[in-house]
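> just a sequence and a predicted model for now, questions to come.
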Amino acid sequence: MAISPDSKKKNALTKESEYGVMGIKKPLLEVSAKAEEVWGPALGGREKEDSLKVMTGTVEKYKELYEVSAAITDSIKRKDYESIVEEYIKAKRFADDAKRLTDSLRSSPPTDSQIFQILLAARVWHDVEIQIEDFKRDVWRRLVATQSGSPRAEGAVGGQDQHMELIGILLELGVTDNPIWVWLLSRFDHLKSKIQTTSDRSKIELEILRRRLANGERPTTQIIASHLRSLGRQTAEDKPTSVDSSEIVELWEKMHTYLSNMLSSQGILGEVVEFWQTVQSFIDGRAQKNLPVGMNGHSRNHHRLSDQGTLDLQKGTVELIDMIRESVFEFFADPPIEDISSLFSPLPPTPRTPGASQLTPSALRDPRFNFDPNNLPPPSPKRGESWEKFAFWPPWSNSLSGVHYLAKLLVLVGTGASEMAAVSAVNKGDIDAIERLKTLVSGARERCVSAICAAWNRDAENIKVLEDWRRSPERRDLTRIPAYFGSFESAVLTGMQKILYISEAVVKPGFADVVSPPPAKLLQMVRSQFVTTIYKSLSGMVENAEKTVKKAEDDWTTDNDGLASPVAMIIATSIGARTVNASDRVSLVPHLQNDLANIIRMFVCS
């Protein structure tokens, strides 16, 4: 007979049946439920009380840490950088302590106090880290945008010290990228962009003014005479505005401003020299001597520039100097710009900022040009004038304003080239750069002499328009033209001597001499041109004397051929003791002979 499974289960031994507790199990469960019902709230309340006591003690113990996040927020608003660093270090140490506690526990169960400490550290550090990362991104942006010599920024000690302050903050807070290297790199990019922008903008401005002059009317003989006669007892240094028209003088002044902006110690060259001095101070370790090393010295490795970084900065400095040199050399060596629109280049690329998103183009947008590239003056007409091949020579300018301003421009070139040669990155690192600087000075000088000689030759042909047939105050047997001619030639020769030797340039002793004496062929060119101007001036004076006297009925007619009409000049100045009667050949010839002889003694014989 088979036994059913239910019978086996009923008769099997179980734990309860073995120990005889089957019968009392149910009453015990009921008693346990009653006890839990009566004593449970009391026992649970005591555990909560203990838990609250532990939490209160922890809060009291770490009271300052609860306020760290709010303190950092307030310090950022107040730009109190010292407080930001202090609060950050406080939170960092608390987080590090909690981490070490977690590592020490390993598999051991933590106490309630330890649990609260770990949780509090995690929460505080999370809030602080978010704020500090946002703050560091802002500091990175400000550091990249901060340039030496800029106006003082709000909250900074000074324009030149602001970058050091921002670098110090980043080193205190701890960063992956080297803020010293990033700032130097941003400074290099800024200078490179500034050189290109200034060069392009100035060339456009100068060419537009040049085209307006070239497309204007040729100066009349009366205007030419007024400028060539303007010196008298004065010099171009005393009254530079009198030696040429206001439009031409304005263009000369703008050229001088352009070169001054590029080559003076207060201009871009001064900023490049300052940049290299800053680089040297970081390479030598002097600049970062007072910079913080960060918490636990973690930022100490950022204090030293790498060998490759040092080499790159040296090459970068030479590149900046080469850009300045090339811009100035092109100004003197290149012909006038045919296509101005090619200089309207796009904006420079946005710099990359470590730890931050790309800056928007509007943040760096610069109203670079006030000219409409679609409405520019037409190119200069080709009339065969000598100045058409010189971009640095204002159209219709005479040699008086030319020697005056070109002497000043070459002083800037000579001084600037000497300053560039004195930079150790150049004279100790790149010999070819020295040769290029010498070429700049010699090339600019040669082009200036060529332009002046051409203008000098043209002015010598126009000397005849200075004749007014009035007697000289010093000698009654002479007219005034020898004095006019003497003042003109002396001014040109004095200015030409300054241009040839660039004697007023400030040359630094002990460095490569990039301002060399003029070559013999240049001196010969000036001598030949001087002799030519003497002959042309004398020829013009003879031409004045040989001009046919107009008939009486034509005395009031206008003379448009560029010669000094004797009758017209007599009308302008009444005949008397102070005026030579140019219509009387008998009295005119001796005065002409005396004038010519005086000029020959004045220049040719001496």
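Right, received. Where do you want to start?
> from now on I want contacts and neighbour counts done on CA atoms only, so please keep to that.
Noted.
> now do the contacts for residue 87.
For residue 87, the contacting residues are 68, 71-72, by Cα atoms under 8 Å, 6 or more residues apart in numbering.
> actually residue 416, not the one I typed
Residue 416 sits next to 263-264, 269 when contact means Cα under 8 Å, 6+ apart.
> swap in residue 115?
Counting by Cα under 8 Å, 6+ apart, residue 115 has no contacts.
> for it, give me phi and psi.
Backbone geometry at residue 115, expressed as degrees, to the nearest 10, gives phi -60, psi -50.
> so of the contacts of residue 87, which ones are in helices?
Among those, the members falling in helices are 68, 71-72 (criterion: DSSP state H).
> what ranges does the stretch 401-550 of the chain have for its strands?
Secondary structure of the stretch 401-550 of the chain, counting by DSSP state E, counting those that start in this stretch: no strands present.
> which residues of it score low on pLDDT?
Applying pLDDT under 70 to the stretch 401-550 of the chain picks out residues 429, 468-480, 510, 545-550.
> just the helices in it please.
Counting by DSSP state H, counting those that start in this stretch, the stretch 401-550 of the chain forms helices over residues 424-427, 431-462, 481-501, 520-546, given from the N-terminal end onward.
> which strands and helices sit next to the longest one?
Translated: helix 431-462. Judged by 3 or more Cα pairs under 8 Å, 6 or more residues apart in numbering; DSSP states H and E, the packing partners of helix 431-462 are helix 221-228, helix 307-333, helix 399-421, helix 424-427, helix 481-501, helix 520-546.
> buried stuff in the last one?
When neighbours are counted by 16 or more other Cα atoms under 10 Å, the buried residues of helix 520-546 are found to be 526, 529-530, 532-534, 536-542, 544-545.
> now for that helix, which elements pack on it?
Here helix 520-546 touches helix 431-462, helix 585-599, going by 3+ Cα pairs under 8 Å, 6+ apart.
> give me the buried stretch members for stretch 165-177, please.
Taking 16+ other Cα under 10 Å as the neighbour-count basis, stretch 165-177 is seen to contain the buried residues 165-175.
> now do the helices in the stretch 201-350 of the chain.
In the stretch 201-350 of the chain, the helices defined using DSSP H, counting those that start in this stretch lie at 221-228, 246-263, 268-284, 307-333.
> next, the angle helix 399-421 makes with the first one.
What that stands for is helix 221-228. 50 degrees (axes from the mean of the first three to the mean of the last three Cα atoms, to 10 degrees).
> elements contacting helix 221-228?
helix 431-462.
> low-scoring stretches of the stretch 251-400 of the chain, by residue?
Residue ranges of the stretch 251-400 of the chain with pLDDT under 70: 297, 341-374.
> which ones are touching residue 507?
Taking Cα under 8 Å, 6+ apart as the contact definition, residue 507 lies against 414-415, 418-419, 513, 515.
> try it again at 7 Å.
With contacts defined as Cα atoms under 7 Å, 6 or more residues apart in numbering, residue 507 is in contact with 415, 418.
> so residue 384 sits in a strand?
No - the assignment for residue 384 is coil, going by DSSP: H, G, I helix; E, B strand; the rest coil, so no strand is present there.
> related to what we said a few turns ago, among the buried residues of stretch 165-177, which ones are in helices?
When DSSP H is applied, these are split such that 165-173 fall in helices.
> nearest to residue 375 among the residues you listed?
residue 166 (45.0 Å; Cα to Cα).
> now stretch 114-130 - C-alpha only, CSV.
As requested, C-alpha coordinates have been extracted for stretch 114-130 and formatted as CSV (Å, rounded to 0.1, in the frame of the first residue of the first chain):
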residue,chain,number,x,y,z
GLN,A,114,32.4,59.7,10.7
ILE,A,115,29.4,59.1,8.4
PHE,A,116,28.3,62.7,8.9
GLN,A,117,31.8,64.0,8.4
ILE,A,118,32.1,62.2,5.1
LEU,A,119,28.7,63.3,3.8
LEU,A,120,29.3,66.9,4.9
ALA,A,121,32.7,67.0,3.1
ALA,A,122,31.2,65.6,-0.1
ARG,A,123,28.4,68.1,-0.1
VAL,A,124,30.5,71.1,0.8
TRP,A,125,33.3,70.2,-1.7
HIS,A,126,30.7,69.6,-4.5
ASP,A,127,29.3,73.2,-4.1
VAL,A,128,32.7,74.8,-3.7
GLU,A,129,34.2,73.0,-6.7
ILE,A,130,31.4,74.2,-9.0
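> what residues sit buried inside it?
114-118, 120-122, 124-125, 128.
> now these in JSON lines, with distance to residue 462?
Formatted as JSON lines, these follow (distance: Cα to Cα, whole Å):
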{"residue": "114", "distance to residue 462": "101"}
{"residue": "115", "distance to residue 462": "101"}
{"residue": "116", "distance to residue 462": "100"}
{"residue": "117", "distance to residue 462": "97"}
{"residue": "118", "distance to residue 462": "96"}
{"residue": "120", "distance to residue 462": "94"}
{"residue": "121", "distance to residue 462": "91"}
{"residue": "122", "distance to residue 462": "91"}
{"residue": "124", "distance to residue 462": "88"}
{"residue": "125", "distance to residue 462": "86"}
{"residue": "128", "distance to residue 462": "82"}
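> widest-spaced pair of those?
Pairwise distances across the buried residues of stretch 114-130 peak at 20.9 Å for 114 and 128 (criterion: Cα to Cα).
> next, count neighbours for residue 302.
Neighbouring residues of residue 302 were enumerated by other Cα atoms under 10 Å; the total is 20.
> ok, it - contacts?
The contact partners of residue 302, by Cα under 7 Å, 6+ apart, come to residue 178.
> separation between it and residue 457?
In this structure, residue 302 and residue 457 are 64 Å apart, going by Cα to Cα, to the nearest Å.
> what's the answer for residue 184, then?
Applying Cα to Cα, one obtains 52 Å for the distance of residue 184 from residue 457.
> likewise residue 308?
From residue 308 over to residue 457 (counting by Cα to Cα), the distance is 56 Å.
> what residues are up against residue 455?
By Cα under 7 Å, 6+ apart, the residues touching residue 455 are 398-399.
> look up how far residue 249 lies from it.
Here the distance between residue 455 and residue 249 works out to 15 Å (Cα to Cα).
> and residue 399, by the same measure?
Residue 399 is 12 Å from residue 249, by Cα to Cα.
> okay, these two: which has more neighbours?
Looking at residue 399 and residue 249 with other Cα under 10 Å, you find the greater number of neighbours at residue 399, namely 29 against 20.
> so that one sits against residue 452, correct?
Yes - between residue 399 and residue 452 there is a contact at 5.8 Å, judged by Cα atoms under 7 Å.
> coming back round to it: just the buried ones from the contacts of residue 87?
Under a neighbour-count criterion of 16+ other Cα under 10 Å, the subset of those counted as buried comprises 68, 71-72.
> lowest pLDDT pick from the residues you listed?
Minimum pLDDT for those is recorded at residue 68 (82).
> burial of the closest residue to residue 167 other than its chain neighbours, as a residue count?
Distances taken as Cα to Cα, 6 or more residues apart in numbering place residue 179 nearest to residue 167, at 5.7 Å, with adjacent residues excluded. Residue 179 has 24 neighbouring residues, counting by other Cα under 10 Å.
> ditto for the one 4 residues further on
The tally of other residues near residue 183 (other Cα under 10 Å) stands at 23.
> ok, it to residue 203 distance?
Using Cα to Cα, which is the criterion applied here, residue 183 is 30 Å from residue 203.
> residue 387 now?
From residue 387 over to residue 203 (counting by Cα to Cα), the distance is 17 Å.
> kindly report the same for residue 434.
To residue 203, residue 434 is 25 Å away according to Cα to Cα.
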